[in-house]
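1. what follows is a predicted structure for the sequence shown.
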Amino acid sequence: MNCGDGIDTRQIDELFINLDPIQAGGRLTTDAMKAVLAYGDGYSVCDHCTKPFRLDHISKPPLAEFHRDLASFLHMDVARLVPGARRGFQAVASALVKPDDPVLLTAYSHYTEFLSVEQSRGIAFEIPANESHIITADAAADRIEEVIRTTGKKPALMFVEQVDYQYGNLHPVADLIRVAHQYDVPVLCNGAYTIGIMDVNGKELGADFLVGSGHKSMAAPAPSGVLATTNEWADTVFRTTGIQGDLTGRTFGVKEVEMMGCTLMGVTSVGMMASFPHVKRRVKEFDTQLQYVNRIVDALLSIIGTKVLSEYPRKHTLTRMNTTDSFDTVAKTHKKKGFFLTSALRDRGITGILAGSTRVWKFNSYGITKEQADYVAESFLEIAQTEGLPCSS
């Protein structure tokens with residue numbers, strides 16, 4: 001089967017248990033798949049678009065209601081759809097950061113957060129992690145004071161990750177935000193790995209801005225995401241255009257500058273909306289997913305020499321492992337070298353771990369069933385035993 005000349009049909013999630021770190025939370029629901037077929041045309045949501053000609057005002061399909069529901073779901077005041085989390089970072093940085101403004105990020109901030117600061121001509125300062133790979137409130141306070149002391153300015157913005165992409169650790173965001181607010185520093189909480197996966201309450205966290213990824217964690221087509229904020233900041237980040245053509249005198253209504261007008265046309269917006277009822281239900285079941293990932297991690301840790309680099313027991317399904325002293329010892333003499341592990345897993349119907357990885361690697365078990373978790377755990381043990389690696393009982 002193929003989708004056209006040279007385009008093979010993708011059947012990863014149909015044929016395998018997929019543990020890919022960035023794909024697990026973005027698998028489409030059946031309703032989203034239907035939306036892909038029905039709304040695949042570029043401007044398919046614009047059939048009934050009338051004044052003020054803006055995405056968040058379209059009532060058929062019910063995108064206006066969806067925007068309100070998203071804000072309520074996140075316990076924030078206002079929400080907009082954006083083309084991926086990175087465009088949420090970009091919008092906030094564009095609105096708040098001026099040239100040479102200091103901006104705080106963390107040792108685990110995503111590269112797109114850095115790029116949003118660079119595009120706004122800000123200066124990046126990082127908050128270091130502790131030995132447990134956690135960003136602490138004390139470290140944030142120390143860094144804020146250092147920035148103020150050395151630059152003479154308080155940071156224009158602080159980015160914090162609720163769960164980071166490197167270790168999948170859950171950081172004390174509420175504490176970090178509380179510290180930042182003591183210095184009157186607004187905070188963007190990066191929920192790319194949490195919004196749509198676990199229950200996120202922006203008001204309880206104290207976040208000024210929440211950013212989520214539709215295609216990473218909300219079972220939505222790419223590129224999609226959400227930016228939510230409070231009434232305090234809505235007029236800043238969602239400011240409307242005031243520019244006018246000098247020859248024609250043209251103006252552009254209530255188009256939002258940082259949003260570049262409308263954001264998600266067609267399948268991305270409707271696919272995200274179609275999955276939303278499923279997403280609202282699944283965040284309530286996150287504790288079950290934690291049981292499954294810990295089942296897999298426990299099995300891996302029973303292979304002598306294996307370490308988990310993420311916090312343990314796991315508080316998120318994205319996990320970083322170190323098998324330098326276990327599977328990598330096999331790779332040194334195996335005819336397939338470092339590819340033996342992913343090859344053996346694929347033979348057992350498991351995929352998603354970076355090919356050739358036997359030292360430090362990540363996986364994300366989100367969305368699997370109990371039976372699949374047991375199977376993955378047993379598969380790792382079976383591979384270890386086949387290769388002569390000792391395992392504890």
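-> Structure's in. What do you need?

2. in the host helix or strand of residue 346, what counts as buried?
-> Using DSSP states H and E, residue 346 sits in helix 340-347. By neighbour count on 16 or more other Cβ atoms under 10 Å, the buried set for helix 340-347 is 340, 341, 342, 344, 345. Every C-beta, even on glycine, is put in place using the N, C-alpha and C of the backbone.

3. which of the residues you listed lies closest to residue 353?
-> residue 342 (5.5 Å; Cβ to Cβ).

4. which residues touch that closest one?
-> 351, 353, 354, 355, 356, 357 (Cβ atoms under 8 Å, 6 or more residues apart in numbering).

5. export the helix holding residue 346 to PDB, keeping only CA atoms.
-> The C-alpha coordinates for helix 340-347 follow below in PDB (Å, rounded to 0.1, in the frame of the first residue of the first chain):
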ATOM      1  CA  PHE A 340      20.800  -5.600  18.400                       C
ATOM      2  CA  LEU A 341      18.400  -4.200  21.000                       C
ATOM      3  CA  THR A 342      16.100  -2.300  18.800                       C
ATOM      4  CA  SER A 343      16.200  -5.100  16.300                       C
ATOM      5  CA  ALA A 344      15.200  -7.700  19.000                       C
ATOM      6  CA  LEU A 345      12.500  -5.400  20.200                       C
ATOM      7  CA  ARG A 346      11.100  -4.900  16.600                       C
ATOM      8  CA  ASP A 347      11.100  -8.700  16.100                       C
END
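
6. now do it, average pLDDT.
-> For helix 340-347, the mean pLDDT works out to 97.

7. now the helices for the stretch 201-350 of the chain?
-> Counting by DSSP state H, counting those that start in this stretch, one finds helices in the stretch 201-350 of the chain at the ranges 202-205, 214-217, 231-237, 267-282, 286-301, 327-331, 340-347.

8. tell me the most buried of those helices?
-> Highest mean neighbour count among those (mean count of other Cβ atoms under 10 Å): helix 214-217, with a mean of 28.

9. what does stretch 307-322 rub up against?
-> 21, 24, 132-134, 163, 165-170, 193-194, 197-198, 289-290, 292-294, 296-297, 300-301, 306, 323, 325, 359-366.

10. quick one: end-to-end distance for it.
-> Distance across stretch 307-322, first residue to last, is 5 Å (Cα to Cα, to the nearest Å).

11. for that stretch, which positions count as buried?
-> For stretch 307-322, burial by neighbour count (16+ other Cβ under 10 Å) applies to 308-311, 314-322.

12. how much distance is there from it to the middle of the chain?
-> For stretch 307-322, the separation from the chain centroid amounts to 17 Å (computed by Cα atoms, centre = their mean, to the nearest Å).

13. worst-scoring helix or strand of the protein, pLDDT-wise?
-> Of all the helices and strands that make up the chain, helix 12-15 has the lowest average by mean pLDDT, DSSP states H and E, namely a mean of 90.

14. ok, residues contacting that one?
-> Counting by Cβ under 8 Å, 6+ apart, residues outside helix 12-15 touching it are 18, 23, 27, 349, 351, 352.

15. which of the residues you listed count as buried?
-> 18, 23, 27, 351, 352.

16. what is the nearest of the residues you listed to residue 157?
-> residue 23 (29.6 Å).

17. so what are the domain limits for this structure?
-> 12-22+285-386, 28-282 (automatic domain parsing).

18. of all the ones you listed, which one is nearest residue 4?
-> domain 28-282 (13.9 Å).

19. that older thread, in a markdown table, list the contacts of residue 342 along with distance to residue 230 and pLDDT.
-> Putting these into a markdown table (distance: Cβ to Cβ, whole Å; pLDDT from 0 to 100) gives the following:
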| residue | distance to residue 230 | pLDDT |
| --- | --- | --- |
| 351 | 41 | 97 |
| 353 | 40 | 96 |
| 354 | 39 | 95 |
| 355 | 44 | 94 |
| 356 | 45 | 94 |
| 357 | 41 | 95 |
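
20. now these in TSV, with distance to residue 176 and secondary structure?
-> Output for these, formatted as TSV (distance: Cβ to Cβ, whole Å; DSSP: H, G, I helix; E, B strand; the rest coil):
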residue	distance to residue 176	secondary structure
351	35	strand
353	31	coil
354	30	coil
355	36	coil
356	36	coil
357	31	coil
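
21. quick check, nearest of these to residue 248?
-> For the contacts of residue 342, the nearest to residue 248 is residue 354 (53.2 Å; Cβ to Cβ).

22. what sits closest to that closest one if chain neighbours are left out?
-> Nearest non-adjacent residue to residue 354, counting by Cβ to Cβ, 6 or more residues apart in numbering: residue 361, 5.8 Å away.

23. SS state for the one you found?
-> Look at residue 361: counting by DSSP: H, G, I helix; E, B strand; the rest coil, its state is strand.

24. ok, back up a step: deepest of the domains of the chain, which one?
-> Of those, domain 28-282 is the most buried (mean count of other Cβ under 10 Å), at a mean of 20.
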